[in-house]
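> Return atomic coordinates for the entry below.
(2 chains)
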Amino acid sequence: MSFNLVEFLKSLVSLTVFDYVRQVWGDTPGVEIVLDIIGVLVVSTFCLLIVIFLIWLERKVIARIQDRIGPNRVGGRYGLLQTVADVLKLLTKEDITPAGADKVAYNLAPLTIVMAALLMWAVMPFAPGVIGVDLNVGVFYVMAVSSVSVVSLLLAGWGSNNKYALLGAFRSVAQLVSYEVPMILSLLIPILLARSMSTEQIIAAQDVPFIIMAPLSALIFFISALAETGRTPFDLLEAESEIVAGFHVEYGGMKFGMFFLAEFVSTLFMSGLFATLYLGGYRFFGLENLVIGDMEIGRLLGLIVFFVKMFTIYFIFIWIRGTLPRVRVDQLLNFNWKFLVPVTLVLILVVAILDKLAGGAGIWTRTVVQLVGNGVVGLVALELMRRAARRYRREQEAMVMTRRELASAPAEVTVSSH
Amino acid sequence: MDNQLLITYLPIAVLLGIALFLAVLLPVLSLSLGPKRPTFRKLSPYESGMTPIGEAQRRLPVKFYRIAVLFILFDVDIILLVPWAVSFRRLGLYGLAAMLVFMFIFILGDAWVWKKGVLEWD
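You can find the predicted model right below:
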């Protein structure tokens, strides 16, 4: 088979260009390496460029929520080029290392955080067959790489020689490390239901999307993803009103920009992971396998479906940011250790037992059984939390009352002395 | 077999290289494009506009350490749960029963930790 430009363009549109290249030039290791390099180049360029759009989207949506207009000067009426201008501005800023800073730690932190954010995308399935690499430990790989960001934050906080930065870093690490537990535990449930850690196979197992089969696990994953990426209501990492900006107070120019970039890339990744694990990824009623004539249009449609799902989740992230206030540190950690973690531990056992009981049944029976199990665990957990909250409120009110009595007591004494 | 396994990870190695390149490129670009006029005041660490007092890298409350230890305990638990979840069906009833026993002990330990007040932040 020889090279044909029309066929090449056709395969480019239907996203089967790699298969086409393999057909033309053979399946030799040399070709494979070149294809790998091109593939990951596309993925990493996508990550860097999509951030420009994401920041614009976030500013625009938040502005609308807050009854403002948002960026509307640079790049036409909608301010589309605002972020490009911001990036140029950041690039031409002075690059400084504060006095007394640990130079290695200070400069290494933005590097590692950006690398971790980019590396996660290797296992993200964009469309059928369009994936960096389909590892058989895909989800585990994501967990491993995403926890590198904890080390980066610690490096940044420690290296900056700044009290706010150090305090912010320790807070962030406490938060990230805590919320990693319910996140990974809730990720175990799709793994358990699909019996695989490969992202492709988890999608293949979702004849019924796991959000219907395991809604509680999806909710817990969503909450911990919010906390892991440090977004409101869990944005204690950079609480401006308390610790100025947390771990990145001392960073300016492009180094600050890199922290920003990593945050947006990993938030989008978390939305994509949610779409993959719970919403069926690129699947949409068999649309991803559609063939019209000799054109395999399915892959392109799959890509569009995946993007729609991913950006819907991302929009919810922004929506929450525009709506909810920040929680306190003790509330944050209590919510994690006293609510999310026990609930997830119990949920895993319940899902496992139900899966064993209904193992041989059809897909719909299994779905209903799991749904009911999830519902029961969720309701019981909510009821327990309601009681605990009521008790806590009574204690608080009692404390306020005693304080008031103490405050009013000396006043009576002065009145009686007259 | 071993060779096959390594080849699967080749794209990740390539991506690591590209990510490293991009991550180094950005600060280098900013270093070469930006001005370079450091002054004493500019380089001093930010402390609400005051001259910094004392060392920044000081001792921290022990509660952060407690969280770290808790995390390690749970992480060890997770390490055991992950392969169990993947091969859940193959392990059969024995696998489920074994995990139930383990989780019972683990949740018991968790409850003890809770009762002892390790989870209190203040």
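> Doesn't B:Trp121 belong to a helix?
No: per DSSP: H, G, I helix; E, B strand; the rest coil, B:Trp121 lies outside any helix segment and is coil.
> wait, what's in contact with it?
By C-beta atoms under 8 Å, 6 or more residues apart in numbering or on different chains, the contact list for B:Trp121 reads A:Val329, A:Asp330, A:Leu333, A:Asn334, B:Lys63. In short, each C-beta sits where N, CA and C put it, glycine included.
> Which one of the residues in chain A is closest to chain B?
A:Met254 (3.5 Å; C-beta to the nearest C-beta).
> Which pLDDT value belongs to that residue?
The score at A:Met254 is 84. That number is its pLDDT.
> cool, and A:Ile191?
90.
> What does it show for phi and psi?
Main-chain torsions, A:Ile191, degrees, to the nearest 10: phi -60, psi -40.
> any idea how far it is from A:Phe210?
The spacing between A:Ile191 and A:Phe210, counted by C-beta to C-beta, to the nearest Å, is 10 Å.
> Common neighbours of the two, please.
A:Ile202.
> Verify the stated contact: the residue of chain A closest to chain B with B:Ser30.
Yes: counting by C-beta atoms under 8 Å, B:Ser30 is a contact partner of A:Met254 at 3.5 Å.
> Mind checking which of those two has more residues around it?
Between A:Met254 and B:Ser30, A:Met254 has the larger neighbour count (other C-beta atoms under 10 Å in any protein chain shown), namely 25 against 21.
> picking that back up, overlap in contacts of A:Met254 and B:Ser30?
With C-beta under 8 Å, 6+ apart as the test, A:Met254 and B:Ser30 both reach A:Leu90, A:Leu91, A:Lys93, A:Asp95.
> export the residues you listed to JSON lines and tack on distance to A:Ile52, pLDDT and secondary structure?
Formatted as JSON lines, those follow (distance: C-beta to C-beta, whole Å; pLDDT from 0 to 100; DSSP: H, G, I helix; E, B strand; the rest coil):
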{"residue": "A:Leu90", "distance to A:Ile52": "12", "pLDDT": "84", "secondary structure": "helix"}
{"residue": "A:Leu91", "distance to A:Ile52": "13", "pLDDT": "84", "secondary structure": "helix"}
{"residue": "A:Lys93", "distance to A:Ile52": "18", "pLDDT": "83", "secondary structure": "coil"}
{"residue": "A:Asp95", "distance to A:Ile52": "21", "pLDDT": "81", "secondary structure": "coil"}
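> In chain B, what residue lies closest to chain A?
Closest point on chain B to chain A, by C-beta to the nearest C-beta, is B:Ser30, at 3.5 Å.
> Now for that residue: which residues touch it?
By C-beta under 8 Å, 6+ apart, the contact list for B:Ser30 reads A:Leu90, A:Leu91, A:Thr92, A:Lys93, A:Asp95, A:Gly253, A:Met254, A:Lys255.
> can you tell me which residues contact the residue nearest the centre of chain A?
Centroid check for chain A by C-alpha atoms, centre = their mean gives A:Met270 as the closest residue, at 2.6 Å. Residues near A:Met270 by C-beta under 8 Å, 6+ apart: A:Ala225, A:Glu228, A:Thr229, A:Phe317.
> Any idea how many residues pack against the residue nearest to A:Gly79 when sequence neighbours are not counted?
Closest residue in space to A:Gly79, ignoring its immediate chain neighbours: A:Pro71 at 3.0 Å, by C-beta to C-beta, 6 or more residues apart in numbering or on different chains. Using other C-beta under 10 Å, A:Pro71 has 19 neighbouring residues.
> List phi and psi for A:Pro71.
Backbone torsions of A:Pro71, given as degrees, to the nearest 10, read phi -60, psi 130.
> And it, how far from A:Phe317?
19 Å.
> helix/strand/coil for the closest residue to A:Leu287 other than its chain neighbours?
Across the structure, with C-beta to C-beta, 6+ apart as the measure, the residue nearest A:Leu287 apart from its sequence neighbours is A:Leu301 (5.0 Å). With three-state DSSP as the basis, the three-state label of A:Leu301 is helix.
> just A:Val74 next, same as before
Going by three-state DSSP: A:Val74 is coil.
> list the contacts for it?
A:Leu80, A:Leu81, A:Gln82, A:Val84, A:Ala85.
> which of the residues you listed has the most neighbours?
A:Gln82 (20 neighbours).
> Leaving out chain neighbours, which residue sits closest to it?
A:Pro71 (3.8 Å).
> Next up, the contacts around that neighbour.
Contacts of A:Pro71 (C-beta under 8 Å, 6+ apart): A:Trp56, A:Arg59, A:Lys60, A:Ala63, A:Tyr78, A:Gly79, A:Gln82.
> Low-confidence ranges, the stretch 201-350 of chain A, go.
The model of the stretch 201-350 of chain A has pLDDT under 70 over residues A:239-243, A:293-294.
> residues in it within reach of chain B, list them.
A:244, A:249-250, A:253-255, A:257-258, A:329-330, A:333-334, A:337-338, A:341-342, A:345-346, A:348-349 (C-beta under 8 Å from any C-beta of the partner chain).
> give me that answer again for 6 Å
The interface of the stretch 201-350 of chain A toward chain B, taken as C-beta under 6 Å from any C-beta of the partner chain, is made up of A:Val249, A:Gly253, A:Met254, A:Met258, A:Asp330, A:Leu333, A:Trp337, A:Lys338, A:Leu349.
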